[in-house]
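Colleague: The following block contains a protein sequence and its predicted model.
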Amino acid sequence: MSLQTFAQLIEKLDATNKTNQKVAALAHYFEQASDEDKLWTIAILSHRRPPRPVNTTLLREYAAELANIPLWLFEDSYHIVGDLAETIALVIPDEKQQTSKTLSTFLEEIIELKAQDDEAKKSYLQHNWKSLDYHARFVFTKLLTGSFRIGLSQKLMTRALSKTTGVDEDELAYRLMGDWSPTNTTFQELVFEENKEANLSKPYPFYLAYAIEGEASELGDVSKWSVEHKWDGIRGQVICRSGEIYVWSRGEELVTDKYPEFENFKDSLPDGTVLDGEILPFIDGEIGLFNDLQTRIGRKNVSKSILQKVPVIFKAYDVLEFEGMDIRSKIFEERRAILSSVIESSKSDALHISDTMQFDSWEEVAHERDLSREKRSEGLMLKRKDAIYQVGRKKGDWWKWKVDPLTIDAVLTYAMRGHGRRSNLFTDYTFGLWNENEKGEKELVTFAKAYSGLTDKEFNQVDSIIKKTTLERFGPVRSVEPQLVFEIAFEGIALSSRHKSGVAVRFPRIHRWRYDKKIKEANSLDDLKQLIV
Amino acid sequence: MSKNQLLVFNSKGIYCKQANIYIDPWKPVNKAIITHGHADHSRYGHKHYLTHHKNVPIIKHRLGDISVEGVEWNQPFTINGVTFSLHPAGHIIGSSQVRVEYKGEVWVFTGDYKTEDDGLCTPYEVVKCHTFITECTFGLPAFKWKPQQQVFEEINTWWKENQSEGKTSVIFGYSLGKAQRLLKHLDTSIGKIYTHGAVENMTEVVRPLVDLPPTELITRETKKEELLGNMVVAPPSTHGSPWIKKMVPYVTATSSGWMAFRGARRRRAIDRGFVLSDHCDWGGLLASIKATEAERVICTHGYTDIFSKYLREIGYDASIENTDYEGEREEVTPTAETVS
């Protein structure tokens, strides 16, 4: 089957927002595809692309050249389309040829391409762009650049594969995890065989909680629930098997090297232990802010100075494997008892336990939730005491109950065109707060950018005001006459030397449009700083 | 250049001082030449309207009892020494470009336009000029339309698929323009076409001007069973409304130039997006500008900054003027549909 068939699958998955249709399209594809193509399809849909063979700067140059447009125009188009592969697929003209090469052939070529010189890369790319139609060109370029983001979760892919192979869905989810690639396994091996060697580093699928809807008291008898704080770090799984430590992030990324603090767990955890928990910054004996952790996440090499500045701990809240046995089917209370004993006997300073709490009423739970910011958490986790550890996002046994966001009234100062669907509208905004400068004049200082939180109708209205009140154009950005006040909500706040305002806020978004407020009534930077705990 | 400012952009619209007349003004004026019937180009409150005669019934339907005069394409008329004429713009039924000539200087304002013959409205005509005022709603190289025949094959195939699954097909299109273009090219051998009131009313207005297949208005009495397997043409504002929800089981689609973007197709709660626009694509804009032989280009709405920059780079004297025109809005704007 040629790449075209895979492109049609992607088109179908893209064209529908109905889960059943997505699963059916994928199952249908799995029934027809060769083992090689199936293996690569699973790999790609679970973010296991081959390494990028060509850097994106070159990709843009080659594409602009082939489309016969100046590079700046390609870049501006890319900014508006919002996706590199899509931009390339759109600007290159259709020459209506067909390819008979399969998905796996393309991927093998892409793997080999990495070692070739720039001339060879250019001619390979331009030749293929020309010989594919729009959909196949898009898919081909995506294979080179990034994930598909087609609204197809790992869960749905696993379901489709389970349908065609007959292998149990949860078992499949487990088999598809971990450190494999199509170059070191086969479809048969991956899906049907148990491979002890590769299983050494293999994590379990995370159990993910839904946000609570309505009142917590609707969960019924409070004594059936165990309460913990919801820690604001990186969800992780620590595996200790055969004297080795492996650390996985929730994004299914092996991040062992990034957290050398956990290296000594192998001396303090019994062999055959898997812990679920949160990687948290821990500075001067206190839990830090997510913002602190962020300075560590992006780095390829963790330097000595960063290790000193932002040390981390692992706050464990569950145990999935003990003495080499999968204990996910034990109930929460039993797993917690095991976890307590494991942590108690460990000697590592970087291994902490997330304390559980019991309450007599939901009012008391709510009171505890109000303390979340002081305790450096995002809110509470409610876990049913008699629940097993499930696979993926399932309703019922685990709920997250986050604190209400912080809010502040700010003035819209700059606007930029949105991406994709909103590319015809100005929907990405910069907001300012009042501050007194050295001369004693009040001016608006930028404190956050936000691009979500309004309805389509409101975006249309704001867009139209922006177009009429534009002061200056800076490429895609426009400065506008300060006129509009918005209530901005955010999750966390911290002092920051990297921001002009001196303050960094987390997940800023528009809470509502304050039609009723004049810009003079917006908040000041000092008001914002008051919110720092 | 100042003596050559045949048309200026002021706070009310595009103004010809010599003739004391506005083109597509957005504030009330005494005399207005109107390019076409969409709400952002033909607004309420002018004392006198002048437009192509095919647009007369359309704006009367929308604006009520107005003072309006209809003229024919390519028939020049003179006001205080300035010669005006209207020329087909190919955007929607009765849509025109406006040519303005004074002492040998020729300007053309396109209004909204497309270069592809849609088989419904009189096709776009190239008008040579010195200064070309153009929209550039889709002025990016990422926009390249497929021939409409191909798009309608996709739409009709989609209809058949839905029919075979026993579902009603609902396609969204503005009640003036896109709705009639859909009606014209839907394959009525597949089934019947039903309409929403706004579409039906506007279609009734233009029926004397063009050949369209029969449609049936959906009323309170219409049973959802009789819709099954058939096609419903409705304005975008009905998406997600109780009116639509009563038709279960149904499948929705929209047709717009914005559907060229994956994000636009994906993030809307619509089942299918067909790329079909009544505006020029990138190639159409460039080809028409070249064909006019204009030296100077003024871009009014759309990706004005990017498009004019590119025009300057390939040798045109190109600039931008802010207007209140909206081009092809993806979501419904309150003014666009409430009137009809």
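Modeller: Cool, the structure landed.
Colleague: ok, B:S96 - contacts?
Modeller: B:T35, B:H36, B:T51, B:H52, B:N55, B:W73, B:L86, B:H87, B:P88, B:A89, B:G111 (C-beta atoms under 8 Å, 6 or more residues apart in numbering or on different chains). C-beta here means a position set from N, CA and C on the backbone, and glycine is covered the same way.
Colleague: So the residue nearest to the last one when sequence neighbours are not counted: helix, strand or coil?
Modeller: Read it as B:G111. Nearest residue to B:G111 in three dimensions, chain neighbours excluded: B:T35, at 2.8 Å (C-beta to C-beta, 6 or more residues apart in numbering or on different chains). Secondary structure, DSSP: H, G, I helix; E, B strand; the rest coil: B:T35 is coil.
Colleague: Kindly provide the distance from B:T35 to B:H41.
Modeller: Distance, B:T35 to B:H41, by C-beta to C-beta, to the nearest Å: 5 Å.
Colleague: Residues that sit against both of these two, list them.
Modeller: B:D24, B:G111, B:D112.
Colleague: Without its sequence neighbours, what residue ends up closest to the last one?
Modeller: Here the nearest residue to B:D112 in space, its sequence neighbours aside, is B:H91; by C-beta to C-beta, 6+ apart that works out to 4.4 Å.
Colleague: B:L63 and chain A, how far apart?
Modeller: Noted for B:L63: a distance of 21 Å to chain A, by C-beta to the nearest C-beta, to the nearest Å.
Colleague: re earlier: in strands only, show me the contacts of B:S96.
Modeller: Within the contacts of B:S96, residues falling in strands by DSSP state E are B:T51, B:H52, B:L86, B:H87, B:P88.
Colleague: And the last one, what's its pLDDT?
Modeller: Just to be clear, that refers to B:P88. For B:P88, the pLDDT comes out at 98.
Colleague: Now do the same contact list for the residue lying closest to A:V274 once chain neighbours are set aside.
Modeller: Residue nearest to A:V274 in three dimensions, not counting chain neighbours: A:E321, with 3.7 Å by C-beta to C-beta, 6+ apart. Residues near A:E321 by C-beta under 8 Å, 6+ apart: A:Y204, A:I239, A:G272, A:T273, A:V274, A:I327.
Colleague: List the contacts of the nearest residue to the first one once chain neighbours are set aside.
Modeller: The one in question is A:Y204. In space, and not counting its chain neighbours, A:Y204 is closest to A:L320: 4.9 Å by C-beta to C-beta, 6+ apart. By C-beta under 8 Å, 6+ apart, the contact list for A:L320 reads A:Y204, A:Q237, A:V274, A:L275, A:D276, A:D326, A:I327, A:R328, A:R335, A:Y389.
Colleague: out of everything not next to it in sequence, what's closest to B:T304?
Modeller: B:I320 (4.4 Å).
Colleague: Now render the contacts of A:E321 as JSON lines, adding neighbour count and pLDDT.
Modeller: What follows is those, written out as JSON lines (neighbours: other C-beta atoms under 10 Å in any protein chain shown; pLDDT from 0 to 100):
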{"residue": "A:Y204", "neighbour count": "22", "pLDDT": "92"}
{"residue": "A:I239", "neighbour count": "25", "pLDDT": "95"}
{"residue": "A:G272", "neighbour count": "14", "pLDDT": "94"}
{"residue": "A:T273", "neighbour count": "25", "pLDDT": "96"}
{"residue": "A:V274", "neighbour count": "24", "pLDDT": "97"}
{"residue": "A:I327", "neighbour count": "18", "pLDDT": "97"}
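Colleague: so which pair among those is furthest apart in space?
Modeller: Pairwise distances across these peak at 13.9 Å for A:I239 and A:I327 (criterion: C-beta to C-beta).
Colleague: which stretches of the chain have low pLDDT?
Modeller: Just so you know, I chose chain A. Residue ranges of chain A with pLDDT under 70: A:96-97, A:149-151, A:195-198, A:298, A:300, A:420-423, A:475, A:533.
Colleague: not what I meant, chain B
Modeller: Checking chain B against pLDDT under 70 turns up B:1-4, B:265-269, B:329-340.
Colleague: B:L50 is in contact with B:E69, correct?
Modeller: Yes - contact criterion C-beta atoms under 8 Å: B:E69 and B:L50 qualify, at 5.0 Å.
Colleague: More neighbours: which of those two?
Modeller: B:L50 (22 against 13; other C-beta atoms under 10 Å in any protein chain shown).
Colleague: Can you name the residues bridging to that one?
Modeller: B:I33, B:E69 (DSSP bridges).
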